[in-house]
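> Requesting a structural model of the entry that follows:
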Amino acid sequence: MSESENSKEPGLRKTRVGVVTSDAMEKTIVVEVRRRVPHPRFKKIVKKTSTFFAHDEEGAAAVGDRVLIEETRPRSKRKCWELKEVLSH
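Residues are numbered from 1 along each chain as shown. Here you go, the predicted structure:
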C-alpha cells in the first residue's frame, strides 16, 4: 500500500513539505505549505497556503529552507509537527 497523507490507518503519520518562513523562536520553526486545489464552484485551480508550527530540536532549519515535517504528539497549544529533514537550503 502506498503512503497516503489522508490515510486513517493507525501508525501512519501525515507528512508535509514546505518552506520555513520563521525561525525566531527557540526549537520552533514556522513552515508554510502550499497546495493547489480546484475551486468548488468554478473548478479553476487555486493556490492555498497553510502554516504549521514544527519542533526543531537542533535548530537545523533556517528561513527559506525546504523541509519535510511529520505529525507528532502535541508539544504545545499550536505545535504538533516536528522536523524530519531539511531537503534543500
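> Nearest residue to His39 in space, please, no chain neighbours.
Val46 (5.3 Å; Cβ to Cβ, 6 or more residues apart in numbering). C-beta: built from backbone N, CA, C; applies to glycine.
> Mind telling me what element the one you found is part of?
Assigned by DSSP states H and E, Val46 belongs to strand 45-55.
> Pairing partners for that strand, with directions?
Pairing partners of strand 45-55, with direction, according to DSSP bridges: strand 28-38 (antiparallel), strand 79-88 (parallel).
> ok, what's across the strand from the closest residue to Arg75 other than its chain neighbours?
Spatial nearest neighbour of Arg75, excluding adjacent residues (Cβ to Cβ, 6+ apart): His55 at 5.4 Å. Beta-bridge pairing for His55 (DSSP bridges): Thr28, Glu82.
> how many other residues sit next to Lys84?
Applying other Cβ atoms under 10 Å, we find 16 residues neighbouring Lys84.
> Contacts only, for it.
For Lys84, the contacting residues are 15, 67-70, by Cβ atoms under 8 Å, 6 or more residues apart in numbering.
> Of those residues, just the buried ones, ChimeraX syntax please.
Selecting only the buried entries of the contacts of Lys84 in ChimeraX, with 16 or more other Cβ atoms under 10 Å as the criterion:
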select :67,69
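> centre of the chain versus stretch 14-32, how much separation?
7 Å (Cα atoms, centre = their mean, to the nearest Å).
> Quick one: end-to-end distance for it.
Distance across stretch 14-32, first residue to last, is 15 Å (Cα to Cα, to the nearest Å).
> what comes up buried for that stretch?
Along stretch 14-32, these residues count as buried under the neighbour rule (16+ other Cβ under 10 Å): 16, 18-20, 23, 28-31.
> what sits against Glu32?
For Glu32, the contact set (Cβ under 8 Å, 6+ apart) comprises 18-21, 49-51.
> Great, nothing more from me.
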